[in-house]
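[1] Got a predicted structure here, sequence first:
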Amino acid sequence: MTALLLQPRPTPRMVAFVVFVVAALSDLWDGHLARARGEVTTFGKMIDPLADKLLLVAALIPVYSINLGQAGTPSLPVFHVIPLWAILIFLGREALITLLRSFAARRGRIVAAQILGKRKALAQNIFIGSAILWVAFLTPGFVAPGGWAWEAFSAFHGWFTTTFLTLAVLLTLASAVTYLGMFSRVMAGRHS
């Protein structure tokens, strides 16, 4: 997906969007099946969050870089481009939680994903999918259909992307605080 995003043409970036959506949906489906069948394992509790982080990094960094280079083209409402501080919040939270999970695992404790973390991941995935389309539509060579319907969709898409960026940032911060509290209880030997 990253290689597709880095191609400076609209078609590979549209394909990257499809690949991202398939990967994100397969992650949701896999988790649903594991819970529904009672097949949640310690390995799955460790690997699933790692896979989420890899998908986040593989898409987020190229999208941010591409969007930064598109400054001056039609911009996102409120933020204009995807802000660096949002990327740092996303990646900083993931690095912190990964380190804490690793520390807990070395002490024999597994900390599974919590519902707030799952909602955060969903909001991030919706934002990233929408942002991939945003940068694809702004890629030189993309031929917009034009007309009032395209103009309405473009305005909606910009606000949709901005809304989910904001929601993802808020959920990322909230889940970081929640996980920090949970890790402190787990490491103190109390159950959450």
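    That came through fine. Numbering: from 1, shown residues only.
[2] mind listing the helices for the chain?
    2-5, 10-36, 42-69, 84-106, 115-137, 147-187 (DSSP state H).
[3] Can you list the buried residues in the shortest one?
    I take that to be helix 2-5. 4-5 (16 or more other CB atoms under 10 Å). (Each C-beta comes from the backbone N, C-alpha and C, glycine too.)
[4] Point out the other helices and strands that that helix packs with.
    Counting contacts by 3 or more CB pairs under 8 Å, 6 or more residues apart in numbering; DSSP states H and E, helix 2-5 packs against helix 10-36, helix 42-69.
[5] shouldn't residue 132 be in contact with residue 66?
    No. Between residue 132 and residue 66 there is no contact under CB atoms under 8 Å: 9.1 Å.
[6] Who has more neighbours out of those two?
    Set side by side, residue 132 and residue 66 show unequal neighbour counts under other CB atoms under 10 Å, the larger going to residue 132 at 28 against 22.
[7] show me what contacts the more buried one?
    With contact set as CB atoms under 8 Å, 6 or more residues apart in numbering, residue 132 has these partners: 5, 13, 16-17, 20, 59, 63.
[8] Neighbour-wise, give me the winner out of those residues.
    Within the contacts of residue 132, neighbour counts (other CB under 10 Å) peak at residue 63, which reaches 27 neighbours.
[9] ok so, going back, got the helices and strands packed on helix 2-5 as a markdown table, with distance to residue 123 and mean pLDDT columns?
    Converted to a markdown table, the helices and strands packed on helix 2-5 look like this (distance: least, CB to CB, whole Å; pLDDT from 0 to 100):
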| stretch | distance to residue 123 | mean pLDDT |
| --- | --- | --- |
| helix 10-36 | 12 | 88 |
| helix 42-69 | 12 | 86 |
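[10] Out of these, which one sits most buried?
    helix 42-69 (a mean of 17; mean count of other CB atoms under 10 Å).
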